[in-house]
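Participant: coordinates for the following, if possible.
(one chain, ligands or ions: 1)
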Amino acid sequence: MAFHILIPDNLSREGIELLQSNPEFRVTTGPLSREEAMAAAADADALIVRSSTKVDAEFLAAAPKLKVIARAGVGVDNIDLAAAAVRGIVVMNTPGGNANAAAEHTLGLMLALARHIPAAHQSLLEGRWDRKKYKGTELRGKTLGVIGLGRIGQTVAAFAQAFGMVVIACDPPIPAEVFERCGVARVSLDELFSRSDYITLHAPANEQTRHMIDAGAIARMKDGVRIINAARGSLIDADALAEAIKSGKVAGAALDVYEVEPPPADYPLIGLDGVVHTPHLGASTKEAQVAVAVQAAEQVRDALLRGETRYVVNASLPGMAEARD
Ligand code: MLT
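Facilitator: Just a heads-up that it's a prediction; the model follows:
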């Protein structure tokens with residue numbers, strides 16, 4: 001009997017076709033509402049999601065046969081990893097596929113801040129010719145602090161070095177060789193805060209990283225620092241950052257991600273001068289979406305047909321070890 005693979009979120013055609021072309025798979029595609037997805041999950045063996053579908057305990061309870069979940073992307077904060085582990089359900093992500101896209105977007109946001117591109121664009125549309133007002137600053141010679149030196153952080157570091165920036169980074173679990181290979185100085189978070197002209201976040205969302213950029217952290221930063229977040233909204237305390245922007249302590253912020261997406265109209269940072277926004281576009285390139293879709297499809301295929309798993313993110317959680325014995 002064919003394995004049922006449920007794909008409730010929008011996934012690039014290339015990934016779907018890879019699975020549909022295999023007679024051993026029956027594929028249900030979306031976009032599906034939560035109710036439709038949960039109904040379709042009743043006999044699903046595998047699930048591929050992006051960030052829309054929240055795979056929480058309730059969703060998992062509706063999928064009694066589920067063996068594997070693939071996240072076409074990096075962040076797995078929309079999946080209850082612990083609840084999946086208890087059931088022995090393998091959760092995998094697809095690192096690498098969208099790292100370049102996220103890093104390019106990060107550099108785009110830095111340049112937008114340094115050269116006031118969104119505000120200058122808007123002023124021209126409104127009939128002004130504000131050359132003085134939008135005099136910028138250069139990235140060359142500035143210090144960039146990278147929080148999280150995984151694939152995206154490393155790519156951002158390389159791009160920033162090409163712009164002549166000095167790159168320092170904090171990521172305790174990453175081995176010293178990686179810092180050496182990247183030509184990036186390894187520093188503590190405090191040193192990163194005190195030295196950086198720009199700070200860019202590339203850390204996962206979890207209890208440890210929640211509001212890592214709060215009023216206390218901002219107080220330890222250089223006056224006039226600029227902050228870029230294309231990782232996850234929960235890393236920043238939005239109220240604290242809004243206050244720091246208003247006081248001038250932080251000269252600018254560029255945000256691609258929000259604690260709630262889309263952010264509510266009264267989100268404290270929206271509409272502030274010096275803050276640039278994009279609607280979670282970091283991984284939204286044609287190339288990256290094809291790459292993560294194909295990678296997720298291949299990982300699910302190999303898991304179902306050969307029991308081979310890659311990039312498992314819940315292997316160490318209670319339940320998984322026993323399930324794998
Ligand atoms: C990711 O985690 O892969 C990116 O933020 C993009 C996404 O959420 O799909």
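Participant: do you have the helices of the stretch 51-200 of the chain handy? List them.
Facilitator: 57-61, 81-86, 99-115, 117-125, 151-162, 176-182, 189-195 (DSSP state H, counting those that start in this stretch).
Participant: and the residue nearest the centre of the chain, what pLDDT?
Facilitator: By CA atoms, centre = their mean, the mean C-alpha position of the chain lies nearest to residue 231, the distance being 4.0 Å. As predicted, residue 231 sits at a pLDDT of 97.
Participant: who's in contact with the residue in the stretch 51-200 of the chain that the ligand sits nearest to?
Facilitator: Nearest residue of the stretch 51-200 of the chain to the ligand, counting by CB to the nearest ligand atom: residue 73, 2.6 Å away. Every C-beta, even on glycine, is put in place using the N, C-alpha and C of the backbone. If you count contacts by CB atoms under 8 Å, 6 or more residues apart in numbering, residue 73 has them with 50, 51, 93, 94, 97, 98, 283, 292.
Participant: burial count for the fifth one?
Facilitator: Counted with other CB atoms under 10 Å, the neighbours of residue 97 add up to 23.
Participant: how about the fourth one?
Facilitator: The number of residues packed around residue 94, counting by other CB under 10 Å, is 25.
Participant: nearest residue to it other than its sequence neighbours?
Facilitator: residue 295 (4.0 Å; CB to CB, 6 or more residues apart in numbering).
Participant: quick one: the one you found is in a helix?
Facilitator: Yes - under DSSP: H, G, I helix; E, B strand; the rest coil, residue 295 falls within a helix.
Participant: for it, report the pLDDT, please.
Facilitator: 98.
Participant: any idea how far it is from the ligand?
Facilitator: Taking CB to the nearest ligand atom, to the nearest Å as the measure, residue 295 falls 11 Å from the ligand.
Participant: can you name the residue of the stretch 201-325 of the chain nearest to the ligand?
Facilitator: For the stretch 201-325 of the chain, CB to the nearest ligand atom, closest residue to the ligand: residue 283, 3.5 Å.
Participant: confirm for me that that residue is in contact with residue 290.
Facilitator: No - if you go by CB atoms under 8 Å, residue 283 and residue 290 don't touch, sitting 11.4 Å apart.
Participant: more neighbours, those two?
Facilitator: residue 283 (25 against 16).
Participant: tally of neighbours for the closest residue to the more buried one other than its chain neighbours?
Facilitator: Distance criterion CB to CB, 6+ apart; nearest residue to residue 283, sequence neighbours excluded, is residue 98 at 3.7 Å. Using other CB under 10 Å, residue 98 has 25 other residues around it.
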